[in-house]
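K.L.:
Got a predicted structure here, sequence first:
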Amino acid sequence: MTSDRRHLLDLDDLTSGELETILDLCSPERADPVLAGKGVALIFEKPSNRTRNASEMAVVQLGGHPVSIRGEEIGLGVRESVEDVTRVLARYHALIGARVFDHRHLEQMSGVGEVPIVNLLSDLAHPTQVVADLLTLRQRWSELEGHTIAWVGDGNNVARSLVIGAALAGVSVRLACPAGHEVDPVAVDAARAQGVEVYETSRPDQAVEGAEAVYTDVWVSMGQEQEARDKEDAFAGYTVTTELMDQAAPGAVFLHCLPAHRGMEVDAAVIDGPASVVWDQAENRMHAARAVFQWLVTR
């Protein structure tokens, strides 16, 4: 076992300098065949369009062979212990990525310590998504530090990782979430400890006013379908409309990690309009995954 093995379970596993290095590695010109002749296991307890395609192609671009595994094929913690699954896969693969319902499974996997573990989404965090988000913004702003992002909607796993990643990059965050759906206060406190502003409100207009980027996500995440009606009621007034975008800074961009429900969390005129950078975000999921994999396996 390698005691100093690095993992990425959320962005607080990184320093500001390490995040910047990973963002630099997102450039296709920086890709090296560090996985030539090696495999990468990609576990999907939750199905995915972007994450699976982005992760598989990232491995291919690094010269490796991706093996995607459905959750029911291994039964993490049910058919076989999480630790035993990890030990077996580590004998075949140079890295394991996992998209799981329970973040504790990732912690158990990383505790084995034999190969790097990457969180491809959990109930707590979505770090590779936020690397792609920050890359998308850096492509437009050149420098991230000193800018402001507004988050409108559910304080979910993406919002948690966004707060942490933005703080590492020196980006201020304004959070507009309904009561009872706020971002994890531990993440908010950690971000503030980095010295950046994290402003919390229940009013989308207050969060968006003057912001240079406006970000939202679905109100009902995968696995929460039974909560749909209650959430729709709680999030009334949180749709990102053209009128709301007009309150942002001139030239502000719109982000959404997808899939999107037009007419719910965002109007079609916004996500399909000139301010939208969501398709660049989607492409950047591949560049972000490749950079994370490359950085981890060369540590």
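P.N.:
Perfect, thanks for sending it.

K.L.:
Centre-most residue in the protein?
P.N.:
Among the residues of the chain, the one closest to the centroid is Q129, at 2.6 Å (Cα atoms, centre = their mean).

K.L.:
count of neighbours near D217?
P.N.:
Other residues lying near D217 total 25 when counted by other Cβ atoms under 10 Å. C-beta: built from backbone N, CA, C; applies to glycine.

K.L.:
That one contacts V158, doesn't it?
P.N.:
Yes: using Cβ atoms under 8 Å, D217 makes contact with V158 at a distance of 5.3 Å.

K.L.:
Now list whatever residues contact both of these two.
P.N.:
Shared contacts of D217 and V158, defined by Cβ atoms under 8 Å, 6 or more residues apart in numbering, comprise C257.

K.L.:
In the stretch 101-250 of the chain, what residue spans correspond to strands?
P.N.:
117-121, 148-152, 172-176, 198-201, 213-216 (DSSP state E, counting those that start in this stretch).

K.L.:
Summarise which helices and strands the third one is packed against.
P.N.:
Counting contacts by 3 or more Cβ pairs under 8 Å, 6 or more residues apart in numbering; DSSP states H and E, strand 172-176 is packed against strand 148-152, helix 157-169, strand 198-201, helix 204-208.

K.L.:
what's the closest of those to I117?
P.N.:
helix 157-169 (15.7 Å; Cβ to Cβ).

K.L.:
Output the strands of the stretch 101-250 of the chain in TSV, with mean pLDDT and distance to H65 appended to each entry.
P.N.:
Listed next are these as TSV, based on pLDDT from 0 to 100; distance: least, Cβ to Cβ, whole Å:
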stretch	mean pLDDT	distance to H65
strand 117-121	98	16
strand 148-152	98	36
strand 172-176	98	38
strand 198-201	98	41
strand 213-216	99	34
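
K.L.:
Find me the pLDDT at the residue nearest to the centre of the chain, would you?
P.N.:
Model confidence at Q129, expressed as pLDDT, equals 98.

K.L.:
How about it, nearest residue that isn't a chain neighbour?
P.N.:
Excluding the flanking residues, the one nearest Q129 by Cβ to Cβ, 6 or more residues apart in numbering is C257, at 5.3 Å.

K.L.:
Distance from stretch 32-46 to the middle of the chain?
P.N.:
Its chain's C-alpha centre lies 18 Å from the corresponding centre of stretch 32-46 when counted by Cα atoms, centre = their mean, to the nearest Å.

K.L.:
same question but for stretch 71-87, I mixed them up
P.N.:
In terms of Cα atoms, centre = their mean, the centre of stretch 71-87 is set 24 Å apart from its chain centre.

K.L.:
Which one of the helices and strands packed on strand 172-176 lies nearest to G75?
P.N.:
Checking these against G75 by Cβ to Cβ gives helix 157-169 as the closest, at 22.7 Å.

K.L.:
Just name whatever secondary elements that closest one is in contact with.
P.N.:
Applying 3+ Cβ pairs under 8 Å, 6+ apart, we find helix 157-169 packed against helix 16-25, helix 127-141, strand 148-152, strand 172-176, helix 185-193.

K.L.:
If you count contacts, what does the longest one end up packed against?
P.N.:
Going back to what we said before, that points to helix 127-141. Secondary elements touching helix 127-141 (3+ Cβ pairs under 8 Å, 6+ apart): helix 16-25, strand 117-121, helix 157-169, strand 253-256, helix 278-297.

K.L.:
Now the second one - C-alpha only, CSV.
P.N.:
As requested, C-alpha coordinates have been extracted for strand 117-121 and formatted as CSV (Å, rounded to 0.1, in the frame of the first residue of the first chain):
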residue,chain,number,x,y,z
ILE,A,117,-9.8,7.1,-6.7
VAL,A,118,-11.8,9.8,-8.5
ASN,A,119,-15.2,10.9,-7.6
LEU,A,120,-17.3,11.0,-10.8
LEU,A,121,-20.3,12.1,-8.7
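
K.L.:
count of neighbours near G195?
P.N.:
8.

K.L.:
ditto for the one 3 residues further on
P.N.:
As a burial measure, V198 scores 19 neighbours (other Cβ under 10 Å).

K.L.:
Ok, G146 next?
P.N.:
G146: 12 neighbours (other Cβ under 10 Å).

K.L.:
hang on, isn't it packed against G170?
P.N.:
Yes: between G146 and G170 there is a contact under Cβ under 8 Å: 6.4 Å.

K.L.:
Give me the nearest residue to E227, chain neighbours excluded.
P.N.:
Nearest to E227 is V220, by Cβ to Cβ, 6+ apart, at 6.3 Å.
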